[in-house]
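J.: pasted the sequence and its predicted model underneath.
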Amino acid sequence: MENLVKTEFKVPTREQVSSNNQEIFDGLNKALGFVPNLYATIAYSDHGLKRYLDFQNAKTSLSNKEKEAVNLIVSQINGCIYCQSAHIVLGKMNGFDDEQLLNIRKGKSENARLDALVKLAADITKNKGNANARNIEDFFAQGYTKETLVDLILQISDKTAMNYLHNLTKVPVDFPIAESL
């Protein structure tokens with residue numbers, strides 16, 4: 001059996017990242033009051049943090065509330081405690097209460113439109129881009145469009161990348177820890 005090298009990922013400080021990333025850290029500190037550990041970890045790449053933030057902040061047909069619902073269910077399915085924790089906080093900032101957030105993590109919503117979105121996002125994530133025809137039909141029946149479907153897939157890819165980064169690096173979670181389901 002091959003010996004595996006254990007590489008520990010420490011969260012880089014401002015002084016340990018490129019000058020481009022230092023400017024981004026300054027902007028994040030100004031906007032958020034801190035640099036989230038997972039964002040700082042992206043700064044191991046000289047260009048990754050800017051690229052990721054540009055992608056994350058691009059215009060979309062999804063509302064912020066819909067994006068948070070997608071982020072939360074995808075993070076739940078991918079087993080990312082960092083992103084589950086972060087998106088519970090962000091979900092509350094976007095108008096969800098504790099019960100609604102718990103339901104989303106369980107793959108459902110009392111709101112029919114949001115329920116269709118969450119169920120399809122869960123299905124796509126679990127099945128690596130494939131989905132049950134019924135979930136797709138329900139999504140469109142709730143008034144979503146082909147544009148929204150494309151934006152949903154892009155949102156899933158955004159969150160999956162972050163889930164994978166944390167699942168691999170295991171950097172400390174700097175949000176209140178999400179309870180296990």
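T.: Thanks, I have it.

J.: make it CA atoms for all contacts and neighbour counts henceforth
T.: Noted.

J.: ok, Q155 to S75 distance?
T.: 11 Å (C-alpha to C-alpha, to the nearest Å).

J.: higher neighbour count, those two?
T.: Counted by other C-alpha atoms under 10 Å, Q155 and S75 do not tie: S75 has more neighbours, with 27 against 22.

J.: mind listing the helices for the protein?
T.: Under the criterion DSSP state H, the chain contains helices at 19-32, 37-42, 48-56, 64-77, 81-93, 98-105, 112-126, 133-141, 146-169.

J.: and of those helices, who's closest to A178?
T.: Comparing the helices of the chain against A178 with C-alpha to C-alpha, the closest turns out to be helix 81-93 (4.6 Å).

J.: measure how the closest one sits relative to helix 64-77, angle-wise.
T.: Here helix 81-93 runs at an angle of 150 degrees relative to helix 64-77 (axes from the mean of the first three to the mean of the last three C-alpha atoms, to 10 degrees).

J.: for helix 81-93, give me every contacting residue.
T.: Residues outside helix 81-93 that contact it (C-alpha atoms under 8 Å, 6 or more residues apart in numbering): 65, 68-69, 71-72, 75-76, 97-98, 101, 162-163, 166, 172-178.

J.: can you check what angle separates it from helix 98-105?
T.: Using the same axes, to 10 degrees: helix 81-93 against helix 98-105 is 140 degrees.

J.: quick one: buried residues of helix 81-93?
T.: Burial within helix 81-93, assessed by neighbour count using 16 or more other C-alpha atoms under 10 Å, is assigned to I81, Y82, C83, Q84, S85, A86, H87, I88, V89, L90, G91.
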